[in-house]
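Undergrad: got a sequence here, can you model it:
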Amino acid sequence: MAAPDALSSPPIASPGGSAVNGTPSLPPDRTGPRRRAGTALAGVLAAWLALPAMAAGAAPVSERFGFYGLSPVAAGQPLARAEAALGQPLQPEPRAVKATAPAPAPAAVAARCHYRSTAHQPGVRYAVDGEVITRIETRDPRYATVSGVHVGDTAARALQVYGKRLSSTPHPYFDRGRVLTVYSPDRRFALVMEANDQGRIITLRGGRLPEVGWLEGCS
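TA: Numbering: from 1, shown residues only. All right, here's what the predicted structure looks like:
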């Protein structure tokens with residue numbers, strides 16, 4: 001831990017560059033106004049250039065997976081309400097279809113289970129059925145649960161965090177994988193984490209039951 005003094009403001013310089021109250025002072029500024037302005041501009045430019053890297057890092061703390069999905073959207077909400085909460089539309093993801101098959105009408109797409117996504121939350125997929133959000137999921141390690149479990153963490157860490165609330169069952173697609181589930185108090189919604197043979201969590205999702213428990217999503 002840093003010493004308390006490390007958090008205090010810098011010492012005040014006297015005109016001659018001597019110490020004030022026994023604290024070494026800062027040397028007089030002889031850079032001149034033009035050089036100081038250039039230095040300030042360089043600092044502003046460096047901070048601006050750092051913004052894309054920050055945006056590509058961890059997801060905002062407010063966007064955490066829980067029983068009901070990913071804030072600000074919750075499973076069970078109508079699609080229009082979810083889009084209003086996000087401030088932009090959720091675009092349907094393309095589906096693999098035969099080249100000879102006609103493109104389905106928008107109404108037909110909305111009536112069946114399908115996935116949508118938005119650039120506002122990269123790596124996140126929304127399952128929609130009958131114009132209602134049913135589950136929200138990700139495989140992106142930038143996202144975590146409300147309790148701080150990330151994609152890429154171990155199943156052991158999830159057990160440590162959730163304790164007796166965590167239900168663990170064998171994963172049907174892995175030899176030693178697990179399906180980890182935390183149910184909402186009314187057991188109508190759940191947070192689901194899938195772990196592979198190496199014991200690493202590979203997906204997070206939250207939503208309503210039974211849809212959130214389906215390993216193959218809409219298929």
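
Undergrad: please, where are all the helices along the protein?
TA: Counting by DSSP state H, one finds helices in the chain at the ranges 33-55, 79-86, 106-111, 155-162.

Undergrad: average pLDDT for the shortest one?
TA: Confidence for helix 106-111, expressed as mean pLDDT, is 50.

Undergrad: low-confidence stretches in this structure?
TA: Residues of the chain meeting the criterion pLDDT under 70: 1-62, 95-111, 219.

Undergrad: which residue ranges of it form strands?
TA: Ranges of strands within the chain are 65-66, 69-70, 73-74, 91-92, 114-117, 124-129, 132-138, 166-170, 178-183, 189-195, 201-208, based on DSSP state E.

Undergrad: would you reformat those as TSV and include distance to Trp214?
TA: Where C-beta positions appear, they are placed from N, C-alpha and C, glycine not excepted. Below are these laid out as TSV (distance: least, C-beta to C-beta, whole Å):
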stretch	distance to Trp214
strand 65-66	17
strand 69-70	15
strand 73-74	18
strand 91-92	19
strand 114-117	13
strand 124-129	9
strand 132-138	8
strand 166-170	14
strand 178-183	11
strand 189-195	9
strand 201-208	10
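
Undergrad: and among those strands, the most buried is which?
TA: Highest mean neighbour count of the strands of the chain: strand 69-70, a mean of 28 (counted as mean count of other C-beta atoms under 10 Å).
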